[in-house]
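Student: Build me a structure from this.
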Amino acid sequence: MKIMLLSDAASIHTVRWAEFFARRGHEVHLLSFNSFIHPPPKGINLHKLKHISYIPIISPPLNLVLGILQIRWLARKTQIDLLNAHYVSTFGVLGSLSGIHPFVASAWGSDVLRLDRESSVRRQAVLFCLRAADVVTTTAIETRDYIINAFGLSPEKVMRIPWGIDLEIFHRGYTSDVAILKRSLGLEPEMPVILSNRTLKENYMIESIINSIPKVLSEHPNTAFLFIRGYGTPEYEEKITSKAKDMGIINNIRIISKLVSPEEMAVFLNASNAFISLPKTDQFAGSIMEGMACGSIPILSNLSVYKQYLKDKENAFFVNPDDPEEIASAVNFCIDNPNIREKFYAINGKIIEEEEDWSNNAKKMEELFEALTARRSH
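Tutor: Predicted coordinates:
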């Protein structure tokens with residue numbers, strides 16, 4: 001197949017999909033406003049979409065028209081068989097307005113779940129995209145149900161295809177790498193480590209985690225908290241650093257000021273007693289699956305989407321992201337009861353292996369694409 005992907009080339013999730021299809025022998029054309037952050041993957045044709053620098057009122061509609069024209073031109077030039085747009089509220093809207101079919105819109109979570117905070121124009125654009133798509137895909141059961149009910153789509157049109165994670169990377173082990181990592185960060189071998197493995201951004205409630213640290217340190221003063229900046233800004237990192245200094249906890253914090261590779265993330269997760277992820281809306285994020293597969297204890301927002309696989313105090317801890325005391329209590333319990341890490345992993349490792357193996361799940365998307373292109377050819 002000749003597949004056109006509309007998605008952010010700077011996202012590791014985009015790269016993963018593009019690489020999968022390329023390795024499977026398909027011709028992949030990726031359209032993005034950004035370039036690859038890491039070395040360009042082999043076998044992927046990247047087309048950077050041209051756009052006009054921001055001018056209030058003027059540039060948004062002009063960029064929309066410019067984007068549609070570029071998509072249509074490239075589609076004709078490359079004779080694509082199918083268009084797949086990732087992230088409904090941005091690339092999905094562009095893809096739907098191009099008029100190209102078969103068209104698959106892939107929802108990531110916040111692109112459809114946070115529309116109550118968006119303008120009515122944005123909500124209508126998302127609705128147009130979802131209705132225009134031949135198929136809408138999502139990764140979580142709850143998000144699938146939400147899309148069907150909130151937007152009035154036919155259940156047959158919305159498919160849940162879990163992405164899953166690469167179990168050749170995310171697994172328990174990495175003993176020597178963990179030791180090297182701890183030395184490089186100035187951490188003692190037996191020091192408890194708590195990891196924030198989501199991007200350093202406000203919507204992941206990073207400041208709530210910071211506010212929970214004093215209570216943890218009052219009971220476990222040698223605990224280290226690791227934060228991954230990822231796609232976060234240097235400005236927000238500086239804000240968090242200043243806050244930690246003002247609170248007198250900076251010596252217990254390490255901020256990794258870069259994007260980390262999947263292999264590096266697997267080492268961070270193996271080094272951590274627990275990981276904290278506190279968004280207020282989410283799908284069942286890959287970062288949570290990665291932590292589960294590596295045997296780290298999940299401390300998560302109390303979101304119903306997570307209950308697809310997790311139960312409070314059985315294989316995860318659910319907390320109120322606005323309550324630092326509650327977050328700290330969960331962290332302290334994990335440190336006080338190290339045996340639960342093994343208990344939780346016995347459940348979580350099996351769930352990920354059976355339900356969220358990327359090598360199996362990605363083929364389901366390929367099968368969908370093949371079915372849609374075959375339907376068009378008849």
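Student: From here on, just use CA atoms for contacts and neighbour counts.
Tutor: Fine.
Student: since we're on residue 68, how many residues are nearby?
Tutor: 18 (other Cα atoms under 10 Å).
Student: got it, and residue 112?
Tutor: Residue 112: 21 surrounding residues under other Cα under 10 Å.
Student: which other residues reach whichever strand or helix holds it?
Tutor: Assigned by DSSP states H and E, residue 112 belongs to helix 110-113. With Cα atoms under 8 Å, 6 or more residues apart in numbering as the test, helix 110-113 has contacts from 87-89, 126, 143, 147, 281-283.
Student: Dump the C-alpha coordinates for it into CSV.
Tutor: Provided in CSV are the C-alpha atoms of helix 110-113 (Å, rounded to 0.1, in the frame of the first residue of the first chain):
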residue,chain,number,x,y,z
SER,A,110,-7.0,14.8,24.7
ASP,A,111,-7.9,15.7,21.2
VAL,A,112,-11.5,14.5,21.7
LEU,A,113,-11.8,14.5,25.5
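Student: Would you pull up how far the next helix or strand after that helix lies from the middle of the chain?
Tutor: Following helix 110-113 in sequence order, the next helix or strand is helix 120-132 (DSSP H and E). Here the centre of helix 120-132 is set off from its chain's centre by 22 Å, with Cα atoms, centre = their mean, to the nearest Å.
Student: Which SSE is immediately downstream of helix 120-132?
Tutor: Remark: after helix 120-132, the chain's next helix or strand is strand 135-138, criterion DSSP H and E.
Student: Neighbouring strands - and their directions - for that next one?
Tutor: Sheet pairing of strand 135-138 (DSSP bridges) gives strand 103-106 (parallel), strand 158-160 (parallel).
Student: now the following helix or strand past that strand: mean pLDDT?
Tutor: Following strand 135-138 in sequence order, the next helix or strand is helix 141-151 (DSSP H and E). Helix 141-151 shows a mean pLDDT of 92.
Student: Return the list of helices and strands in contact with helix 141-151.
Tutor: strand 158-160 (3 or more Cα pairs under 8 Å, 6 or more residues apart in numbering; DSSP states H and E).
Student: can you give me the helices for the chain?
Tutor: Under the criterion DSSP state H, the chain contains helices at 12-23, 59-78, 93-98, 110-113, 120-132, 141-151, 175-184, 206-219, 234-247, 262-271, 286-293, 324-336, 340-355, 358-377.
Student: Tell me which of those helices approaches residue 34 most closely.
Tutor: helix 12-23 (11.4 Å; Cα to Cα).
Student: mind exporting the closest one as CSV, just the C-alpha atoms?
Tutor: Extracted in CSV, the C-alpha atoms of helix 12-23 (Å, rounded to 0.1, in the frame of the first residue of the first chain):
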residue,chain,number,x,y,z
ILE,A,12,7.9,9.2,19.0
HIS,A,13,4.4,7.7,18.4
THR,A,14,4.3,9.0,14.9
VAL,A,15,7.7,7.6,14.2
ARG,A,16,6.7,4.2,15.5
TRP,A,17,3.7,4.0,13.2
ALA,A,18,5.7,5.2,10.2
GLU,A,19,8.5,2.8,10.8
PHE,A,20,6.1,-0.1,11.3
PHE,A,21,4.5,0.4,7.9
ALA,A,22,7.8,0.9,6.2
ARG,A,23,9.2,-2.3,7.6
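Student: quick one: contacts for residue 88?
Tutor: So residue 88 contacts 105-108, 111-112, 126, 129-130 (Cα under 8 Å, 6+ apart).
Student: typo on my end, residue 236
Tutor: Applying Cα under 8 Å, 6+ apart to residue 236 gives the contacts 200-201.
Student: So for it, what's the pLDDT?
Tutor: 96.
Student: Equivalent analysis for the one 5 residues further on, please.
Tutor: We note a pLDDT of 97 for residue 241 in this prediction.
Student: Okay, it and residue 339: tell me how far apart.
Tutor: Distance from residue 241 to residue 339, counting by Cα to Cα, to the nearest Å: 32 Å.
Student: So between these two, which is more surrounded?
Tutor: Legend: neighbour count by other Cα under 10 Å for residue 241 and residue 339, higher for residue 241 (18 against 10).
Student: Across the sheet, point out what pairs with residue 160.
Tutor: Beta-bridge partners, per DSSP bridges, of residue 160: residue 138.
Student: Surely it is in contact with residue 139?
Tutor: Yes. The pair residue 160 / residue 139 is scored as a contact, 5.3 Å apart, by Cα atoms under 8 Å.
Student: Which among the strands paired with strand 135-138 is found nearest to residue 120?
Tutor: strand 103-106 (20.2 Å).
Student: which outside residues touch that closest one?
Tutor: Contacts of strand 103-106 (Cα under 8 Å, 6+ apart): 82-88, 92, 95-96, 129-130, 132-138.
Student: Surely residue 194 and residue 222 touch.
Tutor: No. Counting by Cα under 8 Å, residue 194 stays clear of residue 222, with 11.3 Å between them.
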